[in-house]
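Colleague: give me a model of this one.
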Amino acid sequence: MELFALPDLSSEFLFQTSRSSGPGGQHVNKTESRVELRFNVVRSQLLSQEQIQRIISKLHGHLSADEWLIISAQRHRSQFKNKKICIQKFETILTGALIPDKIRIKTKPGKKAKMKRLGAKRRISELKKSRSKDYRNLNSD
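Modeller: Residues are numbered from 1 along each chain as shown. Prediction:
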């Protein structure tokens, strides 16, 4: 199995609904349109150990203390639409976490870039020297 190929994890989703916050009048007070998707990364039977480790390392800031990934949506008044949004967010986050990092190849700056940098440093140095009192006194003689 490829590292970033995502199996169908919908059987391991736990959905929880609650009342949505924000404006909406009486409708908000009586319907549970906010949807929360919960997924336990560590206890997943469909992910490989390598995938689990990568997800934990990449998403450690998004996981709860007991390794649950919790995603919520409350944009729409429809519970079904919010559920779809949660699943889309989940897929986006997980596929992003499973994409392997690009290996950085160290390079050295070229000769022209070094000369340009040193020239800029020289110009700034001269500019700062010209602001000092001693430099002005030497040139006024």
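Colleague: ok, now how distant is residue 68 from residue 40?
Modeller: According to Cβ to Cβ, to the nearest Å, residue 68 stands 5 Å off from residue 40. Just so you know, the C-beta spots here come from the backbone N, C-alpha and C atoms, and that holds for glycine as well.
Colleague: next one: residue 49
Modeller: In terms of Cβ to Cβ, residue 49 sits 15 Å off from residue 40.
Colleague: quick one: which of the two has more around it?
Modeller: Between residue 49 and residue 40, residue 40 has the larger neighbour count (other Cβ atoms under 10 Å), namely 15 against 7.
Colleague: ok, the more buried one touching residue 9?
Modeller: No. Assessed by Cβ atoms under 8 Å, residue 40 is found out of contact with residue 9, at 10.5 Å.
Colleague: and the strands in the protein?
Modeller: Listed in chain order, the strands of the chain (DSSP state E) span 14-18, 34-40, 68-73.
Colleague: out of those strands, which is closest to residue 111?
Modeller: strand 68-73 (49.4 Å; Cβ to Cβ).
Colleague: hmm, who's touching that closest one?
Modeller: Residues outside strand 68-73 that contact it (Cβ atoms under 8 Å, 6 or more residues apart in numbering) are 34-41, 55, 59, 62-64, 82-83, 85-86, 89-90, 93-94.
Colleague: mind redoing it with 6 Å?
Modeller: Applying Cβ atoms under 6 Å, 6 or more residues apart in numbering, the external contacts of strand 68-73 come out as 35-41, 63, 82, 85-86, 89-90.
Colleague: which of these count as buried?
Modeller: 35-39, 41, 63, 82, 85-86, 90 (16 or more other Cβ atoms under 10 Å).
Colleague: how is the protein carved up into domains?
Modeller: Residue ranges for the domains of the chain, per automatic domain parsing: 10-98, 107-141.
Colleague: format those as a markdown table; extra columns: mean pLDDT.
Modeller: Below are the domains of the chain laid out as a markdown table (pLDDT from 0 to 100):
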| stretch | mean pLDDT |
| --- | --- |
| domain 10-98 | 84 |
| domain 107-141 | 86 |
